[in-house]
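Colleague: Fold the following for me, if possible:
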Amino acid sequence: MTTISANLQAVYARIAAACAAAGRDPATVRLLAVSKTWPAEDVRAAADCGQRAFGESYVQEAVAKIEALADLGLEWHFIGPLQSNKTRLVAERFAWVHSIDRLKIAERLSAQRPGGMPALRVCIEINVSGEASKSGCAPDEAVELARRVAQLPNLTLRGLMTIPEASDDLSAVRKRFAELRRLRECIEGECGLGLDTLSMGMSHDLEAAIAEGATIVRVGTAIFGAREYQ
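Modeller: All right, here's what the predicted structure looks like:
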């Protein structure tokens, strides 16, 4: 058994245990393997184990991997901050974008989504902790942004995403996840939208996220190992 295979099995076991503790069906939580900075060979190894959805944050790196692994028919999610000059590449190659934080980016993605492709599934990123260093829409701006994004052609607004402040206090992190869940409920009520996605929780806090309703957990380190950034 390869390291990636063993790690994937361990992560799926964590998801199943967290769902059991929360009284949830494990089928309601999807694992997004965050493959940013890792080579195409590692993605292929994970795909060989049955993993189909992968998350990337750097556009040029992601495009190279998508092209190298085109034979596998994988589902690609863009999860990082997105600049205006990179929206076309994302609109043309990804199935999901988790990091919509302003209307301009959503409008460009909608306009640049090629005809014949299914609608791009998107989440609005919320900066629940208010950190200046983090991307994301302020919670008090989320309802109006959701209303506007939901009206765009070629996009389907699926839900919300967040990355709370780093903390070893999982009870504090869980409160942030609860804030995102309540915000989704608020948007659904005020905008009349059906949002089925909460993209939240990573390697160190996926259990807290699942307890608060996460439907997608974004896991990289626990699958591929610790990253070494250049």
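Colleague: Quick check: chain neighbours aside, which residue is closest to residue 159?
Modeller: residue 197 (2.9 Å; C-beta to C-beta, 6 or more residues apart in numbering). All C-beta atoms are positioned from the backbone trio N, CA, C, and that covers glycine.
Colleague: mind checking the backbone torsions on the one you found?
Modeller: phi -130, psi 130 (degrees, to the nearest 10).
Colleague: Burial check on the closest residue to residue 152 other than its chain neighbours, number of neighbours?
Modeller: Nearest non-adjacent residue to residue 152, counting by C-beta to C-beta, 6+ apart: residue 110, 4.1 Å away. Per other C-beta atoms under 10 Å, the neighbour tally for residue 110 reads 19.
Colleague: Can you list phi and psi of residue 110 for me?
Modeller: Per degrees, to the nearest 10, the backbone of residue 110 is at phi -60, psi -40.
Colleague: ditto for residue 218
Modeller: Backbone torsions of residue 218, given as degrees, to the nearest 10, read phi -100, psi 100.
Colleague: Name the nearest residue to it, ignoring sequence neighbours.
Modeller: Leaving out its chain neighbours, residue 218 is closest to residue 32 (C-beta to C-beta, 6+ apart), at 4.7 Å.
Colleague: likewise residue 5?
Modeller: Distances taken as C-beta to C-beta, 6+ apart put residue 49 closest to residue 5, at 4.8 Å, once the chain neighbours are dropped.
Colleague: before we move on, back to that, residue 57 is in contact with the residue nearest to residue 218, correct?
Modeller: No. Residue 32 is beyond contact range of residue 57, at 11.8 Å (criterion: C-beta atoms under 8 Å).
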